[in-house]
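Q: No letters, just coordinates:
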């Protein structure tokens, strides 16, 4: 890999995508769709439900991520 070139750039140039790349793209699309729905809703109570749902999803994803990350030893 050339200096100053990220592994992501190399993967894109080679046509390979990783699961992380796909998750980022999916989350971007879902975020845009959630934003569109949020602004299409007129009632404040329904907007609050959307916010609460999004908050619950984020918290569950963070918990899943925290459980999947293994603790590393001390840095040398």
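A: Here it is on my side, so go on. Fair warning: this is a prediction, and the values are worked out from it, not measured in the lab.
Q: C-alpha only now, for contacts and for neighbours.
A: Noted.
Q: Quick check: pLDDT value at residue 41.
A: Predicted confidence (pLDDT) for residue 41: 90.
Q: who touches it in this structure?
A: When contacts are counted by C-alpha atoms under 8 Å, 6 or more residues apart in numbering, residue 41 touches residue 47.
Q: What are the phi and psi values at it?
A: Taking degrees, to the nearest 10, you get phi -80, psi 130 for the backbone angles of residue 41.
Q: roughly how far apart are it and residue 53?
A: Applying C-alpha to C-alpha, to the nearest Å, the value for residue 41 to residue 53 is 15 Å.
Q: try residue 21
A: Here residue 21 is placed at a distance of 24 Å from residue 53 (C-alpha to C-alpha).
Q: and what of residue 42?
A: In this view, residue 42 and residue 53 are 17 Å apart by C-alpha to C-alpha.
Q: again with residue 62
A: In terms of C-alpha to C-alpha, residue 62 sits 14 Å off from residue 53.
Q: Then residue 43?
A: Separation of residue 43 from residue 53 (C-alpha to C-alpha): 16 Å.
Q: Those two: which has the busier surroundings?
A: Using other C-alpha atoms under 10 Å, the more surrounded residue of residue 43 and residue 53 is residue 53, with 12 against 9.
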